[in-house]
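Engineer: What shape does this take:
(4 chains)
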Protein chains: 2
Amino acid sequence: MQATILLVEDEAEVREMVSRVLSREGFDMMTAADAPEGQQRISEQVPDLMLVDWMLPSTSGIEFVRRCRRDELTREVPVIMLTARAEEGDRIHGLETGADDYVTKPFSPRELAARIRAVLRRTSGQDSEGMLTAGKLSLSTVSHRVWVDDAPIDIGPTEFRLLRFFMGHPERVYTRAQLLDHVWSREVLVEERTVDVHVLRLRKLLRPHGLDAAVQTVRGVGYRFSLD
Amino acid sequence: MQATILLVEDEAEVREMVSRVLSREGFDMMTAADAPEGQQRISEQVPDLMLVDWMLPSTSGIEFVRRCRRDELTREVPVIMLTARAEEGDRIHGLETGADDYVTKPFSPRELAARIRAVLRRTSGQDSEGMLTAGKLSLSTVSHRVWVDDAPIDIGPTEFRLLRFFMGHPERVYTRAQLLDHVWSREVLVEERTVDVHVLRLRKLLRPHGLDAAVQTVRGVGYRFSLD
DNA sequence: CGCGGCTGTCACGCGCGCGTCATGTGCGTG
DNA sequence: CACGCACATGACGCGCGCGTGACAGCCGCG
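Structural biologist: Now for the predicted structure:
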């Protein structure tokens, strides 16, 4: 992935902290202390996403974003606004200016990284058409189909719903009871062990493509979907 | 382009914010606070697209959309549902709403605008010339005719409407209820299984040309049109 | 008035896929 | 090291969803 992110923030301390953390999270970081410097960075390389402080010296963050929206080159680049808690009342205003999300200071680096990934996922168009992807696996919720490397694979209704839930909630353990709640309809009464069987069937479908390891057993707890 | 958009949303604040932003994005906005007012607006002018809140006082958004689908005038108008994150339950996917897309609150106006344009792009191509094509299959909405490799084929009224809808919305599963909403008219009360019969008849027509596989059954869900 | 085309409903039968059970296997624990 | 628990896996039967042919009403037409 290696998305490039431009951070525009006047406080040096915050700038360096955020930059360091996000680098560690695997992002390519570019930084700027104010709007003019931000323009400068953009002219060197158009980033995949911009983090912009609401309050900036001279030109405000909102104004900066507005200008970017006017420029053909940067119009499509998603923006996350950084706002102080005191300014939180203006959040609707912030969204109106054309930000895709906003994060209030102080924020946890983990949260910020999660928001960034969420926005990138949304704007890269994967989520917009009901598509879920994980590695070479793709699933379309609207057409009820699954592909591995663009080759469609046959999958039954229950396995489809199970896979859809897993791909929509990766990296997280779910007990059999939780899976029953989410994948089966709430009113039906089904044995918990039934989950095992459908997990098995899902693995069988994925095995020829070497993806069966993605559905992992967490002994004593339940199952988890992950590519590791 | 100047597409006209009807927004049906009960919260005044959200309504005004969205309306303002979308106006700035170049859309012609009409607004309504509930379903009856929505009907009113529609009777004044049929919009190019509707944004409908899932939760509305009195008539729910889903019911509102259902009614629109049954009416000849508004059947073809695409719909984007607005849902709160709390209602996002994995079982309630956009599919069940009969909507063309759905956006979960809180959403960024940019994202919403992008989705609107995406839906309009998808649905506008179908009526541009009155011609729909899929492989060697062609259909003219204005002359009510269907060709395979430029050879006209005989097709009944209902099969024609069904095929027209399928070709205009390929690669997407539709439940029997949705197909009834889109292909049949509002007055009639028809069994869901009737859809099966007309799907069968449509397949029979396409079979001599090897195209019957294009109408695919998705067990437990409904039908899908696709050339794969 | 009779005929043909078209529509919606029904009943029947088949086969898929779902859920359960019995048995096999491996991991963790005392 | 051995026991027990938790999960894997294969087999099996039943129910349900769907395909299909038949049929009755409806309408327009000759």
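Engineer: now the strands for chain A?
Structural biologist: Using DSSP state E, the strands found in chain A span residues A:4-8, A:28-32, A:49-53, A:79-84, A:101-105, A:131-134, A:137-140, A:145-148, A:151-153, A:173-175, A:215-218, A:222-225.
Engineer: ok, the first one: who's next to it in the sheet?
Structural biologist: Here the strand partners of strand A:4-8, with direction, are listed using DSSP bridges: strand A:28-32 (parallel), strand A:49-53 (parallel).
Engineer: taking the strands of chain A together, which one is wrapped up most tightly?
Structural biologist: Counting by mean count of other CB atoms under 10 Å in any protein chain shown, strand A:49-53 has the highest mean neighbour count of those, with a mean of 25. Using the backbone N, CA and C atoms, a C-beta is placed for each residue, glycine as well.
Engineer: How about the residues of chain A by DNA strand C?
Structural biologist: Counting by CB under 7 Å from any atom of the strand, chain A comes close to DNA strand C at A:156-159, A:184, A:188-191, A:193-194, A:197-198, A:201, A:219.
Engineer: show me which of those neighbour chain B.
Structural biologist: Taking CB under 8 Å from any CB of the partner chain as the test, chain B is in contact with A:156-157 out of the residues of chain A next to DNA strand C.
Engineer: And the residues of chain A next to DNA strand C, which is closest to chain B?
Structural biologist: Nearest to chain B, judged by CB to the nearest CB, of those is A:Pro157 at 4.1 Å.
Engineer: returning to that earlier point: which pair in the residues of chain A next to DNA strand C spans the largest distance?
Structural biologist: Pairwise distances across the residues of chain A next to DNA strand C peak at 28.3 Å for A:Pro157 and A:Arg219 (criterion: CB to CB).
Engineer: higher neighbour count, the two?
Structural biologist: Neighbour tally, A:Pro157 and A:Arg219, criterion other CB atoms under 10 Å in any protein chain shown: the higher count belongs to A:Pro157, 12 against 5.
Engineer: what separates the closest residue to the more buried one other than its chain neighbours from A:Leu205, distance-wise?
Structural biologist: What sits nearest to A:Pro157 in space, not counting adjacent residues and going by CB to CB, 6 or more residues apart in numbering or on different chains, is B:Gly220, at 4.1 Å. Remark: distance between B:Gly220 and A:Leu205 (CB to CB, to the nearest Å) = 17 Å.
Engineer: Now do the closest residue to DNA strand C within chain A against A:Gln216, distance only.
Structural biologist: Nearest residue of chain A to DNA strand C (CB to the nearest atom of the strand) works out as A:Glu191 at 2.9 Å. Distance of A:Glu191 to A:Gln216, given as CB to CB: 22 Å.
Engineer: got it, and A:Thr133?
Structural biologist: Where A:Gln216 is concerned, A:Thr133 sits at a distance of 19 Å (CB to CB).
Engineer: Please apply the same query to A:Thr83.
Structural biologist: 39 Å.
Engineer: in chain A, which helix or strand is least confident?
Structural biologist: In chain A, the helix or strand scored least confidently by mean pLDDT, DSSP states H and E is helix A:91-96, which has a mean of 55.
Engineer: hmm, back to that, for the residue nearest to A:Pro157, report the pLDDT, please.
Structural biologist: Among the per-residue scores, B:Gly220 shows a pLDDT of 95.
Engineer: give me the number of residues near it?
Structural biologist: B:Gly220: 12 surrounding residues under other CB under 10 Å.
Engineer: didn't it look like it was pressed against A:Ile155?
Structural biologist: No - using CB atoms under 8 Å, B:Gly220 makes no contact with A:Ile155, being 11.8 Å away.
Engineer: Redo the strands paired with strand A:4-8 as JSON lines? Include mean pLDDT.
Structural biologist: Formatted as JSON lines, the strands paired with strand A:4-8 follow (pLDDT from 0 to 100):
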{"stretch": "strand A:28-32", "mean pLDDT": "94"}
{"stretch": "strand A:49-53", "mean pLDDT": "92"}
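Engineer: Present those as CSV; the columns should include distance to DNA strand D.
Structural biologist: As requested, those are arranged in CSV below (distance: least, CB to the nearest atom of the strand, whole Å):
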stretch, distance to DNA strand D
strand A:28-32, 38
strand A:49-53, 38
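Engineer: Any idea which of these gets closest to B:Arg24?
Structural biologist: strand A:49-53 (19.4 Å).
Engineer: Spell out which parts of chain A neighbour DNA strand D.
Structural biologist: Going by CB under 7 Å from any atom of the strand, the residues of chain A near DNA strand D are A:193, A:196-197, A:199-200, A:203-204, A:217-222.
Engineer: quick check, nearest of those residues to B:Leu139?
Structural biologist: Nearest to B:Leu139 among the residues of chain A next to DNA strand D, with distances taken as CB to CB, is A:Lys204, at 40.1 Å.
Engineer: OK, contacts around the spatially closest residue to that closest one that is not a sequence neighbour?
Structural biologist: Residue nearest to A:Lys204 in three dimensions, not counting chain neighbours: A:Asp212, with 7.5 Å by CB to CB, 6+ apart. Each residue near A:Asp212 by CB atoms under 8 Å, 6 or more residues apart in numbering or on different chains is listed here: A:203-204, A:206.
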